[in-house]
Each structure stands twice: as structure tokens, then as C-alpha cells.
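my questions are about this predicted structure, shown below with the sequence.
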Amino acid sequence: MATVAAVIASTHHPFYYRASTSTSAGRPPFADEWVAKIDAFRETLTRARPDVLVMVGSDHFHQLWLDNMPQFLVGKAPFYDANYYNEEREFGLPRMFLRGNEELSAYLLREGLDAGFDLAFSNELRIDHSVTCPLITLRPEADLPIVPIYTNIFAPPLPQPRRFVELGKIIRQLVEAWPSELRVAIIGTGHLSLELGGPRQFGSHGPDPEFDRKAVEWIASGDLKSALAEVSLDSLWLPGNATHGFMDFMLMMGVAGENVAADYVDSLDLFHTMEAYFTWYPEASR
Amino acid sequence: MSKYLVNKFLFTVDRDPELVERYRADPGGTVDWWEAERANVILNLPTGERSTWLTFTEEERQALATHDYPKLFELGAHNFLTLTLFIAMFERDYDEPLGFQLEYARRLSHFALPYPDIST
């Protein structure tokens, strides 16, 4: 059976690439600290020696649109082009080209459907920064095949938070039962409190530091019970109007397991948002 | 009320570099052209297989034609689509990093929770 070599959850900040690669005058004052934290975070994936990456993210109105909007979608393609004109324009992100692992995609689709998740699929998917940002931070060589899984945290009506957790649990079970000798890292990115296109955007911190503090604690300790008790589709509007991306963190808590503490926890209080980084090593607890 | 159509306008303009510049330079003319020629194009279908029923309300048309992003927020346009397109058009006019984004927040500062509903 396949090995879950690492479970990784983080925020995805599209400004990291530009901040980390800029030099001299254009380099923001927080860049060095940010790069040091990312270097340490990257090592948590490198040491797990993964062969393939399951990548959970969310399309930001690039390929998926309101005339035909899937709630949960698995990419099943041999290759994925990545990043879009408007991400190049706003964030300076580079175009990327990624290999897929169609066998694992097909397996997750078939078994996921049979386990009660009516997953949509795409045979030609262009990936956006929700997946490329964690590649840039965690595996900048982008040399490993991926299986992208997209969730709808963006276009209401959204699935309930518990469905994200349930999908995470199923992904973990299915990967562990995959008849393969490969080492799989399951990586997902979301947000803590975040406001975009609203009055609280781009402040000196995330819009709700108290929510961020609680959220980091829930994730770090695997406290799904508290997260599910306190988080609802309605409540997530309060910390910031883009905070539904936290449900991708809840999905990853489902992958990591209830009450399983993260082996690595770090965070960085930036303007605009709190960055947070978590890694679990399921092998160590076996 | 057609939040979907407002979002469709923002979405289709934002992904096309020429349309971004055209909308910046001539918002009224771009909105009139788009509503006449593009509003009923289904994005994943050949142009012959169009819809026949999509139009802006006068309030929506006016908000788009005047670059009135606080009004678009009030009308429930998707916050991410509006922000992304307006950054593309107007960030260049500000000297300070995030200058436009902070001005954008300031102009929305009269909104309190709950914000207008963005469901479509």
C-alpha cells in the first residue's frame, strides 16, 4: 500500500514569490524573515521524500465559472499548465508546467464516488495559485507529479464545513489503501481570517487576529470538535469576507486526523493576513 | 437584479488584457458594447448557441459604466472579481505600494457586517 509520507497545510500567499525574489530597493522589509520561515517549512516536505503530491486548493474564478460550478473536483490529466495572465499581472507569478499522476487521480475518483462523494472531474485543468503557491514554497523544482483537488470556497452556495472534513478523512483513507509503493504527500492550502474587496482589506494584520489565534490552535492540536462547533457557513463571514478558505484547512484537519497534533507548527503575522504552516508525519505514529 | 451578469462582465473583462484597457479608458462604451454583444454568450458554447434573456438593471449598468466599485459591492457583485479587475485598472495610478487597495478599503468603510449577499 501507498505511504502517506506527510500531511501539510498552509496558507497560500500569492505575494511570496515576488517578495522572495525581489532584490535591493523593491525587497519588502519582512522578506528575509518570511524566506527563512519558508525554507524551514520546505524542509518538512523534503525530509518526507515524497514521490507524488495530492494538492488541495481552490480555483479563483479562472477556469471554473458560475455557469457550471463544481463543489469538489479532481483533476485527471497527464499534465497541468499552471498560473494565469491575471496572476502574472497582479502577483508576478511565473507560468508553470506540472506532471500529473492519472492512476492516482482515477483511483481517487472511482473510490471517492463509491465512498459517497460525487466528485466532479476535469481532463484538462489549468492550475492556479492555490496550488502553485505551495509548490513555490514547498517544492520549487515542481518536479513531482500532482493530483489536484479543487474545492469551492468561493462561490456560494458552498458545501458545509463538515463536508470538507469528511472529504479530508476519505482522501486519507483512500491514499493509505492505494495499491502502490509510492510515498504520497497530501498538501492543502487555505486561509485564516482574510478580507478581499471589502473595507477591512490590507490592514496591518489579518482582519481578525482572535480568529487566527483560535484557528492556529485548532489546526495545531487537531481539534476538529471545537472547529466544527464554532465554524459555520454564516460565521465565516465575520472574521473576513474571504475566510471561507479556512474550510480547506478543515479538510486538511480531516486528512491529518482528529486530535492528532501537528509535528511542525509555525506562523508569521504579516500585513493583510496571518501566514500559518503545519506538517504532520503519519508514519511516525504507526 | 442580475448579480450573475455583473459578475460575468467583471470575469470576462478581467481575463482579457485588451478589454481591461478598454474598460479603463471607456467604461460607458465598453459596458454598452458588452451588454449588446457579449452578455448572452455562454462561455463554453459556440456563439450561435446563445442565451436570450440576460440584461443589466439600470442600477447595475450605471455602476459599471462609472467604475463605481462601492456601488458594485452594495449590489452584491463578487468581492474578489471586483477587486482583481479594479486593481488591474487603477493600481498603476498610485505611487505607494497598496495605495489603491487602501483607498478601495476606505471607500467601502461605511459598510458594516453583514455585508451584501454575493450568492448567485
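Nice, I can see it.

going by C-alpha atoms from here, please, whenever you check contacts or count neighbours.
Fine.

who are the contact partners of A:A227?
With contact set as Cα atoms under 8 Å, 6 or more residues apart in numbering or on different chains, A:A227 has these partners: A:215, A:218, A:250.

could you say which helix or strand holds the last one?
Right, A:M250. helix A:246-256 (DSSP states H and E).

list the contacts of the next helix or strand after that helix.
Later in the chain than helix A:246-256, the nearest helix or strand by DSSP H and E is strand A:264-269. Identification of contacts with strand A:264-269 by Cα under 8 Å, 6+ apart yields A:34, A:37, A:44, A:205-206, A:220, A:274-280.

let's see 6 Å
Strand A:264-269 is contacted by residues A:274-279 when judged by Cα atoms under 6 Å, 6 or more residues apart in numbering or on different chains.

need those residues in TSV (columns: distance to chain B and secondary structure).
Formatted as TSV, the contacts of strand A:264-269 follow (distance: Cα to the nearest Cα, whole Å; DSSP: H, G, I helix; E, B strand; the rest coil):
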residue	distance to chain B	secondary structure
A:M274	17	strand
A:E275	19	strand
A:A276	22	strand
A:Y277	24	strand
A:F278	26	strand
A:T279	29	strand
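
which of the residues you listed lies closest to B:Y115?
Closest approach between the contacts of strand A:264-269 and B:Y115, by Cα to Cα: A:M274, at 22.3 Å.

in the stretch 101-250 of chain A, what residue comes closest to chain B?
A:P199 (4.1 Å; Cα to the nearest Cα).

hmm, which of the contacts of A:A227 are the buried ones?
A:215, A:218, A:250 (16 or more other Cα atoms under 10 Å in any protein chain shown).

mind listing what the last one touches?
Contact criterion Cα under 6 Å, 6+ apart gives A:V165 as the residues in contact with A:M250.

give me the pLDDT for B:M1.
Predicted confidence (pLDDT) for B:M1: 61.

count of neighbours near A:R163?
16 (other Cα atoms under 10 Å in any protein chain shown).

against A:T243, how distant is the closest residue to chain A within chain B?
Among the residues of chain B, B:A105 lies closest to chain A, at 4.1 Å counting by Cα to the nearest Cα. Noted for B:A105: a distance of 17 Å to A:T243, by Cα to Cα, to the nearest Å.

the more surrounded of the two?
A:T243 (24 against 21).

what pLDDT does the model give that one?
98.

again, but for the one 3 residues further on
Among the per-residue scores, A:F246 shows a pLDDT of 98.

count of neighbours near the closest residue to it other than its chain neighbours?
Setting aside the residues directly before and after it, A:F246 is nearest to A:H191 in space (Cα to Cα, 6 or more residues apart in numbering or on different chains), at 4.9 Å. By the criterion of other Cα under 10 Å, A:H191 has 24 neighbours.

and for A:I186?
28.

distance-wise, check B:T12 relative to A:A284.
48 Å.

now do the SS call for A:E33.
helix (DSSP: H, G, I helix; E, B strand; the rest coil).

how far away is it from A:L66?
Taking Cα to Cα, one finds A:E33 at 39 Å from A:L66.

which residues does A:A185 contact?
A:A185 neighbours (Cα under 6 Å, 6+ apart): A:4-7, A:50, A:53.

phi, psi for it please.
Main-chain dihedrals, A:A185, degrees, to the nearest 10: phi -100, psi 130.

how about A:G198?
According to degrees, to the nearest 10, A:G198 has phi -140, psi 180.

separation between it and A:V54?
32 Å.

host element of the residue of chain B most remote from its centre?
Most distant residue from the mean C-alpha position of chain B: B:G48, 25.1 Å away (Cα atoms, centre = their mean). For B:G48, there is no enclosing helix or strand under DSSP H and E.

got the confidence number for the closest residue to A:W34 other than its chain neighbours?
Nearest non-adjacent residue to A:W34, counting by Cα to Cα, 6+ apart: A:L268, 7.4 Å away. Looking at A:L268, its pLDDT stands at 96.

tally up the residues packed near A:L268, please.
14.

up against chain B, what does chain A have?
A:156, A:197-199 (Cα under 6 Å from any Cα of the partner chain).

switch the cut-off to 10 Å
A:60-62, A:65-68, A:84-87, A:89-90, A:154-158, A:195-203, A:234, A:237-238, A:240-242 (Cα under 10 Å from any Cα of the partner chain).

which ones among the residues you listed are found in strands?
Among these, no residue falls in strands (DSSP state E).

how much space separates B:V13 from A:A220?
For B:V13, the distance to A:A220 - Cα to Cα - is 41 Å.

please enumerate the helices of the stretch 1-150 of chain A.
A:16-21, A:31-46, A:85-91, A:102-114, A:129-138 (DSSP state H, counting those that start in this stretch).

swap in the stretch 151-286 of chain A?
Under DSSP H, counting those that start in this stretch, the stretch 151-286 of chain A gives helices at A:161-177, A:209-221, A:224-230, A:246-256.

repeat for chain B
All helices of chain B, identified by DSSP state H, fall at B:3-14, B:17-25, B:27-37, B:58-65, B:69-74, B:79-90, B:99-107.
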